[in-house]
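Asks: sequence first, then the predicted structure, then my questions.
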Amino acid sequence: MSILLTGGAGYIGSHTAVELLNKGNELAIIDDFSNSNEKSLEAIKKITGKDFKFYEINYMDREKLEKVFEENKIDSVIHFAGFKAVGESVKEPLKYYHNNVAGTIVLLETMIKYNVKKIVFSSSATIYGKQLSTRYVETMERKSSPSAYGNTKIMIEQILEDLYKSDNTWKVAILRYFNPVGAHNSGLLGENPKGIPNNLMPFIQKVAVGELKELTIFGNDYNTPDGTCRRDYLHVVDLAIGHLKALEKLDKEKSGVYIYNLGTGSPVSVLELVNTFIKVNNINVPYKIGARREGDLDECYADPSKAEKELNWKASKTIQDMCRDSWNYIQKNIKGE
Ligand code: WQD
């Protein structure tokens with residue numbers, strides 16, 4: 001039996017593939033390389049010494065997707081594929097609704113056709129929006145997002161819940177990621193987006209290797225101890241292991257929809273992250289304080305207790321590990337993806 005990873009060549013998908021293969025799972029990976037490349041596939045094989053089926057397809061191509069199900073005995077799906085640039089999604093909402101939402105519907109219809117009703121969905125803490133408390137718990141309501149990206153995550157969560165209501169034989173795990181950062185300690189897998197990164201850690205990495213001149217910290221007048229925003233940064237390997245635990249949970253359960261925050265529960269500020277990166281790697285990262293970025297929240301972080309209790313999952317890697325592994329990776333992969 002195989003596990004199908006959509007977007008499995010991507011940052012989180014590839015790290016999850018490594019953990020699944022190391023546990024002896026059979027994998028089929030599909031990816032269109034819109035935000036990844038085959039270097040990740042080679043890295044997965046090098047790290048694990050294992051092989052897997054790969055198809056370079058867009059999961060919206062129904063015919064090609066059906067071929068994957070015909071050629072492999074798919075038992076479950078981990079759905080990573082989707083566009084994820086918040087800013088771009090505001091400018092091009094239809095691109096995001098088409099690829100992320102319509103694409104997921106094609107995937108789910110195909111799963112039904114081949115009687116595969118077990119899915120782990122890559123969701124995001126962005127679905128919480130601004131809540132009364134900055135410590136997010138899964139029972140909080142989803143809040144309409146200022147970005148189409150965030151709204152696609154909300155819609156797909158709702159689609160999965162409605163699907164279960166229509167057919168209670170489905171097994172669904174919805175994983176709400178906080179801020180994934182870091183890289184596999186081999187330095188073979190990591191995140192190094194082309195061009196100017198939107199997210200903090202990839203930006204720090206590019207400044208550290210001299211590709212970008214300096215980091216602009218978007219505001220230091222927030223309601224936090226040092227004035228910079230606080231987030232729940234999570235090592236991507238801890239996040240990957242969370243997916244294995246979610247699959248194990250679904251294997252144990254008869255059916256149902258299970259929602260989990262995947263975070264450390266310990267918020268870290270922008271300044272704390274930058275200074276930790278500088279300290280553990282003994283490298284300079286020039287920065288200046290600039291204006292606030294539209295839409296940023298002062299603080300948000302996970303209450304991870306439900307995942308700890310029900311998945312027996314707890315983030316173990318420290319912010320120092322995240323900074324060390326990020327630096328190790330970028331030094332070996334300066335050219336970018
Ligand atoms: C973190 C902090 C910035 C860049 C986003 C998405 C979310 C999820 C994770 C997909 C903020 C500050 C950043 C820079 C800075 N993605 N910053 N200078 O915004 O918490 O979450 O990524 O699921 O959906 O919204 O992460 O890394 O962009 O920013 O000062 O050059 O770093 O203001 O406070 P964010 P981020």
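Replies: Here it is on my side, so go on.
Asks: any idea which residue sits dead centre in this structure?
Replies: Geometric centre of the chain, nearest residue: Ile12, 5.1 Å, by C-alpha atoms, centre = their mean.
Asks: mind checking pLDDT for it?
Replies: Per-residue pLDDT puts Ile12 at 98.
Asks: give me every residue that touches it.
Replies: 80, 122, 177, 180, 236, 239-240 (C-beta atoms under 8 Å, 6 or more residues apart in numbering). No exception for glycine: its C-beta is placed from N, CA and C like everyone else's.
Asks: unless I misread the structure, it falls within a helix.
Replies: Yes: counting by DSSP: H, G, I helix; E, B strand; the rest coil, Ile12 is found in a helix.
Asks: weed out the non-buried ones from the contacts of Ile12.
Replies: Neighbour-count burial (16 or more other C-beta atoms under 10 Å) is assigned, among those, to 80, 122, 177, 180, 236, 239-240.
Asks: report the residue spans of the chain with pLDDT below the cut-off.
Replies: By pLDDT under 70, the low-scoring segments of the chain are 335-337.
Asks: enumerate the positions of the helix ranked longest in the chain that are buried.
Replies: Taking DSSP state H as the criterion, the chain has its longest helix at helix 148-166. Neighbour-count burial for helix 148-166, counted by 16+ other C-beta under 10 Å, picks out 148-157, 160, 163-164.
Asks: what does stretch 17-34 give?
Replies: Quick answer for stretch 17-34 (16+ other C-beta under 10 Å): 17-21, 25-32.
Asks: would you mind listing what in the stretch 151-300 of the chain touches the ligand?
Replies: 177, 179, 198-200, 203, 215-218, 229, 231, 270, 293, 296 (C-beta under 6 Å from any ligand atom).
Asks: rerun that using 8 Å as the cut-off
Replies: Counting by C-beta under 8 Å from any ligand atom, the positions of the stretch 151-300 of the chain adjacent to the ligand are 153, 177-181, 197-203, 215-219, 228-231, 270, 273, 290, 292-293, 295-297, 300.
Asks: in strands, which of the residues you listed appear?
Replies: 177, 179-181, 215-218, 230-231, 290 (DSSP state E).
Asks: and of those, the nearest to Thr6?
Replies: Set against Thr6, the nearest of those by C-beta to C-beta is Tyr177 (15.7 Å).
Asks: mind checking the SS state of the nearest residue to Asn25 once chain neighbours are set aside?
Replies: The shortest distance from Asn25 to any non-neighbouring residue, by C-beta to C-beta, 6 or more residues apart in numbering, is to Ile3 (5.5 Å). At Ile3, secondary structure determined by three-state DSSP is strand.
Asks: now stretch 284-297 - C-alpha only, CSV.
Replies: What follows is stretch 284-297 as a C-alpha-only set of coordinates in CSV (Å, rounded to 0.1, in the frame of the first residue of the first chain):
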residue,chain,number,x,y,z
ASN,A,284,26.5,38.8,10.9
VAL,A,285,23.0,39.6,9.7
PRO,A,286,22.7,43.3,9.2
TYR,A,287,19.2,44.7,9.9
LYS,A,288,17.3,47.9,10.3
ILE,A,289,13.9,48.7,11.7
GLY,A,290,11.3,49.6,9.1
ALA,A,291,7.6,50.3,8.9
ARG,A,292,5.0,47.7,9.9
ARG,A,293,3.8,45.2,7.3
GLU,A,294,0.1,45.4,6.5
GLY,A,295,-1.9,42.7,8.2
ASP,A,296,0.8,41.5,10.7
LEU,A,297,-0.5,40.5,14.1
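Asks: that stretch: which residues count as buried?
Replies: 285, 287.
Asks: the helices in the stretch 201-337 of the chain, which residues?
Replies: Along the stretch 201-337 of the chain, counting by DSSP state H, counting those that start in this stretch, helices occupy 236-252, 270-281, 305-310, 319-332.
Asks: contact partners of stretch 277-287?
Replies: 204, 207-208, 213-217, 274, 320, 323-324, 326-327.
Asks: are any of the residues of the stretch 151-300 of the chain next to the ligand buried, and if so which?
Replies: 153, 177-181, 197, 200-203, 215, 217-219, 228-231, 270, 273, 300.
Asks: quick check: end-to-end length of stretch 8-27?
Replies: 10 Å (C-alpha to C-alpha, to the nearest Å).
Asks: so does that stretch get close to the ligand?
Replies: No: Stretch 8-27 stays clear of the ligand (C-beta under 8 Å from any ligand atom), getting no nearer than 9.5 Å.
Asks: mind checking how far that stretch is from the chain centre?
Replies: 13 Å (C-alpha atoms, centre = their mean, to the nearest Å).
Asks: same deal with stretch 254-269?
Replies: Stretch 254-269 sits 12 Å away from the centroid of its parent chain (C-alpha atoms, centre = their mean).
Asks: quick revisit: nearest to the ligand among the contacts of Ile12?
Replies: Tyr177 (5.7 Å; C-beta to the nearest ligand atom).
Asks: if I look at the closest one, how far off is His15?
Replies: 12 Å (C-beta to C-beta, to the nearest Å).
Asks: swap in Asp296?
Replies: 26 Å.
Asks: can you check Phe80 too?
Replies: Distance from Phe80 to His15, by C-beta to C-beta: 10 Å.
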